[in-house]
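>>> all I have is the shape, not the residue letters:
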């Protein structure tokens, strides 16, 4: 397709979006802050799903196709399973309704839909468009039009351009808070999981890119559905961060099935061998790494309940990761409210 034709198609997409917004009465609602606030307060999960699917279809010019996809992995980003997608949106809405600040609402919505990654393509475009709709910049900042593929592909620049909180900071704080989820396990297994374990170790998986059929016994594999095996694979590949979803899931499941001591011993022995052979690194002593391929003999001992627990625990951790992000933004909103109130008090004192 020629450049001119691509640009024309991009304009057609924008026209469709604007007509959709007009038919939805977006412009009139956003122009009145009380109407927009009322609109936010009455949004439901089904409303959000309908809106984002419609926008994604228009942005990609795929209005007659199924665009929602499960088990998406894009670079370092691993999407949550479809099991918790609606819970994530429900919790997002609950947080948005507590914050009367459209900039913070837009940031949180943007990051949530980037990390949800629920579409086969156009996740960044959809998230940027949602940001524009919530901030009201949809008319003045058409940053998603691009002659190569109709839309920009520069989320990092987009965030800094709009003065948003750095993605790395959001990720770090969201993942750091995950250790709360497993506080109960330090009480349940005091000899296995000491109170300071999570101050000493980060948790992760080594060799996460693996064929799932190699680590599940044939007998158990027959009892798992294809969908369940796909979800297990997605959860165990979610390995980006100090306290990764994959690593924490393995920690909890192995603590429950009695294998944790053996995993710790094997990882410690392997770390010492690395140092003896001259290629050990300091971070290795501070990370409990579950090597799935080297230790697949342990995984082949797992029963059906163990593997189903991977899905249960992984989903719980992933949902908590998103909820942590909500907490971060809600805390920022409350801090801003306190600063604003203090500022008003100071002005009042000065006047007196």
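Structure received. Being a predicted model, the structure only gives us computed values, none of them experimental.
>>> from here on, contacts and neighbour counts on C-alpha atoms
Noted.
>>> need phi/psi at residue 203.
When read as degrees, to the nearest 10, the backbone of residue 203 gives phi -120, psi 140.
>>> what sits against it?
Residue 203 makes contact with 242-244, 247-248, 251, 287-289, according to Cα atoms under 8 Å, 6 or more residues apart in numbering.
>>> okay, those residues in a markdown table with pLDDT and distance to residue 99 next?
Written out in a markdown table, the entries for the contacts of residue 203 read as follows (pLDDT from 0 to 100; distance: Cα to Cα, whole Å):
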| residue | pLDDT | distance to residue 99 |
| --- | --- | --- |
| 242 | 74 | 29 |
| 243 | 79 | 28 |
| 244 | 86 | 29 |
| 247 | 90 | 33 |
| 248 | 89 | 31 |
| 251 | 90 | 35 |
| 287 | 85 | 37 |
| 288 | 88 | 38 |
| 289 | 90 | 39 |
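>>> how about residue 288, phi and psi?
phi -90, psi 110.
>>> again with the one 3 residues further on
Listed backbone geometry of residue 291 is phi -90, psi 100, with angles given as degrees, to the nearest 10.
>>> quick check: beta-bridge partners of it?
On the basis of DSSP bridges, residue 291 is bridged to residue 206.
>>> relative to residue 62, how far out is it?
In this view, residue 291 and residue 62 are 41 Å apart by Cα to Cα, to the nearest Å.
>>> the two - which one has more neighbours?
The neighbour comparison of residue 291 against residue 62 (other Cα atoms under 10 Å) goes to residue 291, with 18 against 12.
>>> show me the domain layout of this structure.
According to automatic domain parsing, the chain comprises the domains 3-164, 178-322.
>>> check what pLDDT the most centrally placed residue in the chain gets.
Centroid-nearest residue in the chain, with Cα atoms, centre = their mean: residue 115, separated by 3.5 Å. On pLDDT, residue 115 comes in at 91.
>>> go on, residue 121?
Confidence score, pLDDT, at residue 121: 88.
>>> please apply the same query to residue 169.
67.
>>> ok, the nearest residue to residue 40 once chain neighbours are set aside to residue 70 distance?
Distance criterion Cα to Cα, 6 or more residues apart in numbering; nearest residue to residue 40, sequence neighbours excluded, is residue 97 at 6.5 Å. For residue 97, the distance to residue 70 (Cα to Cα) stands at 28 Å.
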